[in-house]
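# sequence and predicted structure are below.
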Amino acid sequence: MIVTATEFKTNFGKYLELIPRLQEDIFITKNGKTIAKLSNPQVSAVDSISGILSGYDIDKTSLREERFLKYEIND
């Protein structure tokens, strides 16, 4: 969701109530440029992109293991 800084300031309380129910980030813009991002801390990055990954057979455990393997140091 994208909102202007003016809209965000005017309706700050509305957005605070909305954040826990959102599965997406709120991007705040000023003069057409993104200046801030609000995220629901209860939504993991994997959950937030689950729609993008719906065509793939990937689970959270395999993603985690793959990430750790990427940074594994070979002696």
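Nice, I can see it. Numbering: from 1, shown residues only.
# quick check, Phe68 in a helix?
Yes. Assessed with DSSP: H, G, I helix; E, B strand; the rest coil, Phe68 lies in a helix.
# where's it relative to Val43, distance?
22 Å (CB to CB, to the nearest Å). All C-beta atoms are positioned from the backbone trio N, CA, C, and that covers glycine.
# before we move on, what about Ile35?
Ile35 sits at a distance of 21 Å from Val43 (criterion: CB to CB).
# strands of the chain, residue ranges please.
2-4, 26-30, 33-38 (DSSP state E).
# so what strands line up beside the last one?
In the sheet containing strand 33-38, the strands it pairs with under DSSP bridges are strand 26-30 (antiparallel).
# residues in contact with the strand it pairs with?
If you take CB atoms under 8 Å, 6 or more residues apart in numbering as the criterion, strand 26-30 is touched by 1-5, 8, 15, 18-19, 34-39.
# which parts of it are buried?
Buried residues in strand 26-30, defined by neighbour count with 16 or more other CB atoms under 10 Å: 26, 28-29.
# just the closest of these to Arg64, please.
Ranked by distance to Arg64 (CB to CB), these are led by Ile26 at 26.7 Å.
# what's the neighbour count on the nearest residue to Leu22 once chain neighbours are set aside?
Counting by CB to CB, 6 or more residues apart in numbering, Leu22 lies nearest to Asn40, which is 5.4 Å off, once chain neighbours are set aside. Using other CB atoms under 10 Å, Asn40 is surrounded by 17 other residues.
# where in the chain is pLDDT low?
For the chain, residues meeting the criterion pLDDT under 70 lie at 44-60, 63, 67, 70-75.
# contacting residues for the residue nearest to Leu22?
Neighbouring residues of Asn40 by CB under 8 Å, 6+ apart: 19-23.
# between Ile35 and Val43, which is the more surrounded one?
Ranked by neighbour count (other CB under 10 Å), Ile35 and Val43 place Val43 first, with 16 against 12.
# just to check, the more buried one is in contact with Ile19?
No. With contact defined as CB atoms under 8 Å, Val43 does not reach Ile19; the gap is 9.9 Å.
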